[in-house]
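J.: Return a 3D structure for these sequence lines:
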Amino acid sequence: MKKTSLKVFISVVLCVVVIFLLLSYHNNNVAALDKSVYKDIRTFSEVFDMVDKNYVEEVDSSKLIQGAINGMLRSLDPHSSFMTPDLYKELEVETQGQFGGIGIEITILKDVLTVVSPIEGTPAFAAGVKPGDQIIRIDGKSTKDITIMEAVKQLRGPKGTKVIITIMRENMPVPEEIALTRAIIQIKSVRYKIYDENIAYIRIASFHERTSEDLRKALREVDKQLHPIKGLVLDLRNDPGGLLLQAIEVSDMFLKSGTIVSTRGRAKGMETKSVARDNKDEITCPIVVLVNEGTASAAEIVAGALQDNGRALVVGTPTFGKASVQTIIPMDDGSALKLTTGYYYTPNGRSIQAEGIKPDIIVDYVQPSKIAQKSQESSEDDFKEKEIKRQKKLLERNKSKDKEVMTTPDLALDNQLKTAVDILRSWNIMKVNTAS
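T.: Down below sits the predicted model:
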């Protein structure tokens, strides 16, 4: 046991030194590191030895070391973490667009486990979990001081198993328990619909490995039907983000030139800039991007890129503000270090982290029941019925076996979407009148 502990201890000391050197990579004079660092490592060594020898119960040295690493990373920010081999495999599975769980993107906000966004069509979405909900307990256990990866491990599980989350929400008098049955979360990244025979609607639910490919497919299908597309609504509401490369590729489909996103970090190697390429096949119609408080990460990058390049009008409410760069560093034993190494910036140099994207036109979401009430009060009881009839012909065309096609007539129930479509309708009318 002692020999094993000694080997593990030597490994962790080396790990600490390597991580420190990694963080200090920007300084060419690494040999002149502050002597206090070595003093701190010696103190750590002494504490470890005392705990190993004198704690009231025999301790697992590897757990002590993992705890030390997790504590070190937790002191940095909510997104830096150490992943065991199992957790690292789960992360790889998630980016492929399928995993077992309840369907939420989470973060640590002001030291509290917080929902960034529920994923459409999942148990959490169906149960009414909302962006900004604070998860204070999982299966009755407090989430105080929990890491994101620990929370992910507790929330995910085999299909059919149950988990209870206790949430707090703004203006909620007491915490609410929500019982959820886990399911296989198959993320349909891209869905589409057509309005007015000339306005396309494309919804991106998240950014995983196939998002750009799925978007190209959707755009081809829409173009076949409209030829050409006269207006596009790009819906990024409640999109928790995902892969940076996919956000860049999606943005590039709408931009012929200009910066898409830049990253800045302490190390010079983290300063990067992604620029759009003229592929000769970019969509050229007017675009309205829908965002809300559940729009985060890669989705914010796309919204910011199109907004700053004057390519789209952004409509909705301010976004989440989650745009830090996490670098995944695999370890020899199958584990990995997820380390925040920089922040994302829009083409105009705006920081997305904690700031979010501010829409060009603020439109708060109104619950469908309130829309109906307002319609009654203004003697427009037939508002919904007229809207549905107006789209009936178009919806018949969208009745496809392809699950990527959306067929629900939701303009009468979604005031933000209706605003976006109305903007594009007006845009086309003004264009015709100006030309004449």
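
J.: Now residue 207: closest residue in space that isn't a chain neighbour?
T.: Nearest residue to residue 207, sequence neighbours excluded (CB to CB, 6 or more residues apart in numbering): residue 242, at 3.3 Å. All C-beta spots, glycine's among them, are computed from the backbone N, C-alpha and C.

J.: need the contact list for the one you found.
T.: 95, 206, 207, 208, 211, 297, 298 (CB atoms under 8 Å, 6 or more residues apart in numbering).

J.: Restrict those residues to the buried ones and give me that as a ChimeraX selection.
T.: In ChimeraX syntax, the buried subset of the contacts of residue 242 is picked out as below (16 or more other CB atoms under 10 Å):
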select :206,207,208,211,297,298
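
J.: Distance to residue 232 and pLDDT for the contacts of residue 242 - can I get that in CSV?
T.: Converted to CSV, the contacts of residue 242 look like this (distance: CB to CB, whole Å; pLDDT from 0 to 100):
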residue, distance to residue 232, pLDDT
95, 26, 60
206, 19, 88
207, 18, 92
208, 22, 88
211, 16, 94
297, 22, 92
298, 19, 94
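
J.: ok, so of the contacts of residue 242, who is nearest residue 151?
T.: residue 297 (17.1 Å; CB to CB).

J.: quick one: the closest residue to residue 74 other than its chain neighbours and residue 83, what's the gap?
T.: The shortest distance from residue 74 to any non-neighbouring residue, by CB to CB, 6+ apart, is to residue 147 (6.2 Å). Distance, residue 147 to residue 83, using CB to CB, to the nearest Å: 10 Å.

J.: sorry, back to before: just name the closest of the contacts of residue 242 to residue 196, please.
T.: residue 211 (26.3 Å).

J.: Quick check on the closest one: phi, psi?
T.: Dihedral pair for residue 211: phi -60, psi -50, per degrees, to the nearest 10.

J.: How about the contacts made by it?
T.: Contacts of residue 211 by CB under 8 Å, 6+ apart are 189, 190, 204, 242, 243, 246, 249, 250.

J.: cool, and residue 351?
T.: By CB under 8 Å, 6+ apart, the contact set of residue 351 is 323, 343, 344, 345.

J.: ok, 7 Å please
T.: Counting by CB atoms under 7 Å, 6 or more residues apart in numbering, residue 351 touches 343, 345.

J.: Give the bridge partners for it, please.
T.: Beta-bridge pairing of residue 351, defined through DSSP bridges, involves residue 345.

J.: now stretch 164-180: mean pLDDT?
T.: Mean pLDDT, stretch 164-180: 94.

J.: now it, how far from the chain's geometric center?
T.: Counting by CA atoms, centre = their mean, to the nearest Å, stretch 164-180 is centred 22 Å from the centre of its parent chain.

J.: first vs last residue of stretch 339-358, how far apart are they?
T.: 27 Å (CA to CA, to the nearest Å).

J.: Going by neighbour count, which residues in it are buried?
T.: 339-347, 352-353, 356-357.

J.: about what we covered before: surely the residue nearest to residue 74 and residue 82 touch.
T.: No. Contact criterion CB atoms under 7 Å: residue 147 and residue 82 do not qualify, at 8.6 Å.

J.: anything in contact with each of the two?
T.: residue 70.

J.: Pick out whichever of the two has more residues nearby.
T.: The neighbour comparison of residue 147 against residue 82 (other CB atoms under 10 Å) goes to residue 82, with 25 against 22.

J.: Tell me which helix or strand the more buried one sits in.
T.: strand 81-83 (DSSP states H and E).

J.: Give me the contact list for that strand.
T.: With CB under 7 Å, 6+ apart, strand 81-83 has contacts from 66, 69, 70, 73, 91, 147, 148, 149, 335, 336, 337, 338.

J.: Identify those among the residues you listed that sit within helices.
T.: 66, 69, 70, 73, 91, 148, 149 (DSSP state H).

J.: what are the ranges of the helices in the stretch 301-436 of the chain?
T.: 368-377, 383-397, 415-435 (DSSP state H, counting those that start in this stretch).

J.: Among the contacts of residue 211, which ones are in helices?
T.: Judged by DSSP H, helices contain the following of those: 246, 249, 250.

J.: so what's the first one scoring on pLDDT?
T.: To tie it back to what came earlier, the one meant is residue 246. 95.

J.: Also the last one?
T.: Predicted confidence (pLDDT) for residue 250: 97.

J.: since we're on it, how many residues are nearby?
T.: Using other CB under 10 Å, the number of residues around residue 250 comes to 27.

J.: can you tell me the helix or strand for residue 39?
T.: Assigned by DSSP H and E, residue 39 belongs to helix 35-54.

J.: And that helix, what does it pack against?
T.: Counting contacts by 3 or more CB pairs under 7 Å, 6 or more residues apart in numbering; DSSP states H and E, helix 35-54 packs against helix 2-23, helix 61-74.

J.: Give me the nearest residue to residue 257, chain neighbours excluded.
T.: Using CB to CB, 6+ apart and skipping the chain neighbours, the partner closest in space to residue 257 is residue 276 (5.5 Å).

J.: for residue 287, same thing?
T.: residue 312 (3.9 Å).

J.: list the contacts for the one you found?
T.: 287, 288, 289, 306.

J.: For the residues you listed, which entry has the maximal number of neighbours?
T.: Ranked by the number of neighbours (other CB under 10 Å), the contacts of residue 312 place residue 289 first, at 29 neighbours.

J.: beta partners for that one?
T.: residue 234, residue 314.

J.: wait, doesn't it sit right on residue 311?
T.: No. Using CB under 7 Å, residue 289 is not in contact with residue 311; the gap is 9.2 Å.

J.: Identify the residue nearest residue 86 in space, chain neighbours excluded?
T.: residue 153 (7.9 Å).

J.: in the helix or strand hosting residue 224, what's buried?
T.: In the assignment (DSSP H and E), residue 224 maps to helix 211-226. Buried residues in helix 211-226, counted by 16+ other CB under 10 Å: 211, 212, 214, 215, 218, 219, 221, 222, 226.

J.: Now for the second one: which residues touch it?
T.: Read it as residue 212. Residues counted as contacts of residue 212 (CB under 7 Å, 6+ apart) are 246, 249, 250.

J.: if we can go back for a sec, next one: phi and psi at the residue nearest to residue 287?
T.: Per degrees, to the nearest 10, the backbone of residue 312 is at phi -150, psi 160.

J.: that older thread, least reliable of the helices of the stretch 301-436 of the chain going by mean pLDDT?
T.: Among these, helix 383-397 carries the lowest mean pLDDT (a mean of 44).

J.: Run through the helices of the stretch 101-250 of the chain in chain order.
T.: When assigned using DSSP H, counting those that start in this stretch, the helices of the stretch 101-250 of the chain occupy the ranges 123-126, 148-155, 211-226, 244-252.
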